[in-house]
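K.L.:
Give me a 3D structure for the following:
(chains A, B, C and D)
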There are 4 protein chains.
Amino acid sequence: MPVKSTISATVWSEFRHEKRNEQVRALYPNGMHEAIAEGLRESGAFKVQTATLDEPEHGLTQQVLDETDVLIWWGHIAHNEVQDEVVERVYRRVLAGMGLIVLHSALMSKIFMKLMGTTCDIKWREADEKERLWVVNPGHPIAAGLGEYIEIEAEEMYGEFFDVPAPEQLIFISWFAGGEVFRSGMTWTRGQGKIFYFRPGHETYPTYFNPEVRRVIANAARYVAEPGGTPPTFGNVKPLEKI
Amino acid sequence: MPVKSTISATVWSEFRHEKRNEQVRALYPNGMHEAIAEGLRESGAFKVQTATLDEPEHGLTQQVLDETDVLIWWGHIAHNEVQDEVVERVYRRVLAGMGLIVLHSALMSKIFMKLMGTTCDIKWREADEKERLWVVNPGHPIAAGLGEYIEIEAEEMYGEFFDVPAPEQLIFISWFAGGEVFRSGMTWTRGQGKIFYFRPGHETYPTYFNPEVRRVIANAARYVAEPGGTPPTFGNVKPLEKI
Amino acid sequence: MPVKSTISATVWSEFRHEKRNEQVRALYPNGMHEAIAEGLRESGAFKVQTATLDEPEHGLTQQVLDETDVLIWWGHIAHNEVQDEVVERVYRRVLAGMGLIVLHSALMSKIFMKLMGTTCDIKWREADEKERLWVVNPGHPIAAGLGEYIEIEAEEMYGEFFDVPAPEQLIFISWFAGGEVFRSGMTWTRGQGKIFYFRPGHETYPTYFNPEVRRVIANAARYVAEPGGTPPTFGNVKPLEKI
Amino acid sequence: MPVKSTISATVWSEFRHEKRNEQVRALYPNGMHEAIAEGLRESGAFKVQTATLDEPEHGLTQQVLDETDVLIWWGHIAHNEVQDEVVERVYRRVLAGMGLIVLHSALMSKIFMKLMGTTCDIKWREADEKERLWVVNPGHPIAAGLGEYIEIEAEEMYGEFFDVPAPEQLIFISWFAGGEVFRSGMTWTRGQGKIFYFRPGHETYPTYFNPEVRRVIANAARYVAEPGGTPPTFGNVKPLEKI
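P.N.:
Numbering: from 1, shown residues only, chains lettered A, B, ... in the order given. Below is the predicted model of the structure:
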């Protein structure tokens, strides 16, 4: 039962908005992945690397994945450019126990839709709207160090119905000024892999510099990276008892 | 697999506010239980009776409970006046398969707290606030016939954290104008009994005349009244196989 | 809240073993789908049709699916022959609210794997083994009319780990004489669609003539066919409140 | 997000069988609590103390509980001798975030029944029966370091239906030679407290010396002791937004 002293985290993002959009580049000059990675690094519990869409194999070779305990994924406008072969590779690694954190618009990524088995569709609005994420599971380690809610002065709105399977654990529910709610922090297990979806982080806001948002991502990275038991075996087996 | 053609519903309420408070009496001259009962009657699927706190045994004799498929419970200011013996009787009936619908402030009733194992505490505010109940499980029979949300122009606010166990099914999440959210429609099973909690219905509002609120209560009454299997047996047993 | 008086059920099977294997043909001369359909018909609550792999479009045209409230699926040796286009069509219908019952070896069907997001793999053994399905949710309508367990004298064994997401409701757990257990009755929701997996039914046993197995399938068909609420809408929306 | 380097565990047991029954004393000369405590100590992650029924306040003063991150509870023949005041004290501490592990026959303890809201009743048999605990959630940290199942050569049998609420996480299912199954490792949350029930450990067997049983208890102790977020507040609140 030794706690791994260092968790290997890989932060992946498209890194496209930052190259094309002045506003996003001003906020995230080194890319959104670097801001997310910085948050993990400052928590002191992780060995962090990054990977982006335009690298060979999107930076996600088998070796990188094999050495990754938790993969954080941000995508938005280029979901379809992610090669199916890499999606399949990530999928197999999740089922084999790698943790996965899916951020904001990455809900429409190939990997998340494949793991969920649903469309993952939502309502949305860009209106500089106040978001308040209420903690509805205050005993959960992902909520450690937070108050009763996180307030974000301006964000994109996401509204229900969010077409995902009922979560195993619901940790945050967002309130939006314009009248909607959203299940904004949820966990699922697939195979041996633990998955956390976290809503905030539209590219035009400095959300990934928010200390509480960083805390949630670090808490969640540790939670989903926690190792489970032995890999199951499948197929034709002999009886264990006399029959 | 025959569907019961008629479901026996018993609507219970304190019937105290209506006697003491002019505003409540004006809204519910025959008591809140009668307004709730009327909603069930008009749906055509139920045989409905009512029971109230000040009747002998609170109107909940063993015979009444034995003949009840679903009990609807509204209480607020007199939870402590409900006799423990009657609470125990209702509790045993729920475990034996009677459905239970707990409305609004009845979250602090003895029977609900006993079944939940928690304090069932909340945040609250009386401010004539707009409530919008979003459907987050649109395939659920309790949401049948509704749109994407129910809007109530003015209600008391209830806010998270709502100290109940994680529900088996989360069907509604409320948005309140003042900045809070609430898990406002949830199911649990205890023994063979199915339980539904539904938030709306402060005594100073005409909420139980709202057709959508009535629809939810009727849908839920049918859902939790659905019979299950044979009662389990307990205790010392012989082996089924040679050991 | 009117209960649909008649539920439209479509029973689909490969209908291959019955043509090639003398033993299976002897048990199921008209095909396994006909035995399953007969069980539904005798319950009196369903309008039943069948469809099989070798019909055009596998018998599952858009019109057939649109008129189907619940689809029952049995497959084993020809999962890969099911056309992706038909799988996609069934998938969309499930998300839109059609109930789905997945039987035995159909756990490896394309449609089930796509809805689960996992491999759905298992351990298995053919050894004429006793199976005992214990009811672990005796208040559930799918267990209505059953005793504390169902015993099947001889069946194929399926053992854990069963690589599916944690179910929303676990209703049966199987005990096998050879030493394994299996979560053999489970429900999930995907979109508006309710799904039930039920383990028994290897082609070399007369399992689908067993009255208790038939009862479970009829109970489940009614449960997953129950209509939910209005279909959700997705995409860019205007604020409901002034922001 | 600092991981607590040392977790404070308190192991409580009745310590009655050991004084009265020769067979039990031979197995557990220092009491069952000492064998359980030894298992935690050898894992190296815990600061361990013990408490027993016949100490003043059963050894569970407010101060002891305040300093306890996880309480492990074993009881069997003297559930009714546990004072209600101490039960209430433990209950409040669990809701405030203390982890709780309930072992074997402690399912009938006052504290577990109060937290569950059900009878917690079971079937049982003493017949030196083989038990095999299958891992059905192999990604869960409580299964870390285990194989696909744990085998115990001889134990008391517990059979379904186990009258508890559906668990949030089901980790183990037991197979018994005599024909029963049992959900033998489950988690629930109550307030901020995480609870784990684990089946093995009848007093006439050396179960708490079994290295795999010890591993599960140590894994679980770490899991349920994990701190959550800030304690929620309840009661009348002002609006956060202008209404």
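K.L.:
Point out where chain A drops to low pLDDT.
P.N.:
Low-confidence regions of chain A, defined here as pLDDT under 70, cover residues A:1-5.
K.L.:
which stretches of it form strands?
P.N.:
All strands of chain A, identified by DSSP state E, fall at A:7-13, A:46-52, A:70-74, A:99-103, A:123-135, A:149-159, A:169-176, A:181-190, A:193-198, A:235-236.
K.L.:
want to try TSV for those strands, with mean neighbour count as columns?
P.N.:
Glycine gets a C-beta too; all of them are placed from N, C-alpha and C. Below are those laid out as TSV (neighbours: other CB atoms under 10 Å in any protein chain shown):
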stretch	mean neighbour count
strand A:7-13	26
strand A:46-52	20
strand A:70-74	27
strand A:99-103	26
strand A:123-135	20
strand A:149-159	21
strand A:169-176	26
strand A:181-190	24
strand A:193-198	25
strand A:235-236	8
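K.L.:
can you list the ones you listed in JSON lines and add distance to C:T10?
P.N.:
Written out in JSON lines, the entries for the strands of chain A read as follows (distance: least, CB to CB, whole Å):
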{"stretch": "strand A:7-13", "distance to C:T10": "42"}
{"stretch": "strand A:46-52", "distance to C:T10": "46"}
{"stretch": "strand A:70-74", "distance to C:T10": "38"}
{"stretch": "strand A:99-103", "distance to C:T10": "35"}
{"stretch": "strand A:123-135", "distance to C:T10": "33"}
{"stretch": "strand A:149-159", "distance to C:T10": "35"}
{"stretch": "strand A:169-176", "distance to C:T10": "34"}
{"stretch": "strand A:181-190", "distance to C:T10": "29"}
{"stretch": "strand A:193-198", "distance to C:T10": "33"}
{"stretch": "strand A:235-236", "distance to C:T10": "32"}
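K.L.:
neighbouring contacts of the longest helix seen in chain A?
P.N.:
Looking only at chain A and at elements set by DSSP state H, the helix with the highest residue count is helix A:211-225. Contacts of helix A:211-225 from elsewhere in the structure, counted by CB atoms under 8 Å, 6 or more residues apart in numbering or on different chains, are A:4, A:7, A:9, A:36, A:39-40, A:42-43, A:45-46, A:69-70, A:72, A:99-101, A:103, A:141-146, A:150, A:152, A:185, A:187, A:193-196, A:198, A:200-201, A:207-208, D:1, D:3.
K.L.:
what angle separates it from strand A:70-74?
P.N.:
For the pair helix A:211-225 and strand A:70-74, the angle between their directions (axes from the mean of the first three to the mean of the last three CA atoms, to 10 degrees) equals 130 degrees.
K.L.:
wait, what's in contact with A:E14?
P.N.:
The neighbours of A:E14, taking CB under 8 Å, 6+ apart as the test, are A:T52, A:L53, A:W74, A:G75, A:H76, A:I77, A:A78.
K.L.:
My read is that the first one contacts A:W12, right?
P.N.:
Yes. Shown here, A:T52 and A:W12 form a contact pair, counting by CB atoms under 8 Å, at 6.8 Å.
K.L.:
which residues do those two both contact?
P.N.:
The contact sets of A:T52 and A:W12 overlap at A:H33, A:H58, A:G59 (CB under 8 Å, 6+ apart).
K.L.:
could you dump those residues to JSON lines with distance to chain C and neighbour count?
P.N.:
What follows is the shared contacts of A:T52 and A:W12, written out as JSON lines (distance: CB to the nearest CB, whole Å; neighbours: other CB atoms under 10 Å in any protein chain shown):
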{"residue": "A:H33", "distance to chain C": "25", "neighbour count": "26"}
{"residue": "A:H58", "distance to chain C": "21", "neighbour count": "21"}
{"residue": "A:G59", "distance to chain C": "24", "neighbour count": "19"}
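K.L.:
one step back: name only those of the contacts of A:E14 that count as buried.
P.N.:
The neighbour-count criterion (16 or more other CB atoms under 10 Å in any protein chain shown) marks A:T52, A:L53, A:W74, A:G75, A:H76 among these as buried.
K.L.:
residues touching the second one, list them.
P.N.:
The neighbourhood of A:L53, defined by CB under 8 Å, 6+ apart, consists of A:S13, A:E14, A:F15, A:R16, A:G75, A:A78, A:E81, A:V82.
K.L.:
Going by distance to chain D, which of these wins?
P.N.:
Using CB to the nearest CB, A:S13 comes nearest to chain D of the contacts of A:L53, at 22.0 Å.
K.L.:
hang on, the earlier thing: okay, the strands of chain A in JSON lines with distance to chain B next?
P.N.:
Supplementary listing: these in JSON lines, determined by distance: least, CB to the nearest CB, whole Å:
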{"stretch": "strand A:7-13", "distance to chain B": "27"}
{"stretch": "strand A:46-52", "distance to chain B": "29"}
{"stretch": "strand A:70-74", "distance to chain B": "24"}
{"stretch": "strand A:99-103", "distance to chain B": "18"}
{"stretch": "strand A:123-135", "distance to chain B": "5"}
{"stretch": "strand A:149-159", "distance to chain B": "8"}
{"stretch": "strand A:169-176", "distance to chain B": "5"}
{"stretch": "strand A:181-190", "distance to chain B": "5"}
{"stretch": "strand A:193-198", "distance to chain B": "14"}
{"stretch": "strand A:235-236", "distance to chain B": "24"}
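K.L.:
wait, what's in contact with A:N21?
P.N.:
Each residue near A:N21 by CB under 8 Å, 6+ apart is listed here: A:E203, A:T204.
K.L.:
Would stretch A:143-163 count as contacting chain C?
P.N.:
Yes. For stretch A:143-163 and chain C, the contact criterion (CB under 8 Å from any CB of the partner chain) is met by A:M157, A:G159, A:E160, A:F161, A:D163.
K.L.:
Measure how buried the residue nearest to the fourth one when sequence neighbours are not counted is and give me the count.
P.N.:
Same thing as A:F161. Once its chain neighbours are removed from consideration, A:F161 has its nearest residue in C:P232; the separation is 3.6 Å (CB to CB, 6 or more residues apart in numbering or on different chains). Other residues within reach of C:P232, judged by other CB atoms under 10 Å in any protein chain shown, total 22.
K.L.:
Return the distance of C:P232 relative to B:M32.
P.N.:
Distance, C:P232 to B:M32, by CB to CB, to the nearest Å: 32 Å.
K.L.:
hang on, A:F176 packs against A:A127?
P.N.:
No. The pair formed by A:F176 and A:A127 falls short of the contact definition of CB under 8 Å, at 9.0 Å.
K.L.:
Now do the contacts for A:P200.
P.N.:
Under the criterion of CB under 8 Å, 6+ apart, the neighbours of A:P200 are A:L103, A:H104, A:E131, A:L133, A:I152, A:E155, A:S184, A:T207, A:N210, A:V213.
K.L.:
switch to 7 Å and redo it
P.N.:
Contact criterion CB atoms under 7 Å, 6 or more residues apart in numbering or on different chains gives A:H104, A:E131, A:I152, A:E155, A:T207, A:V213 as the residues in contact with A:P200.
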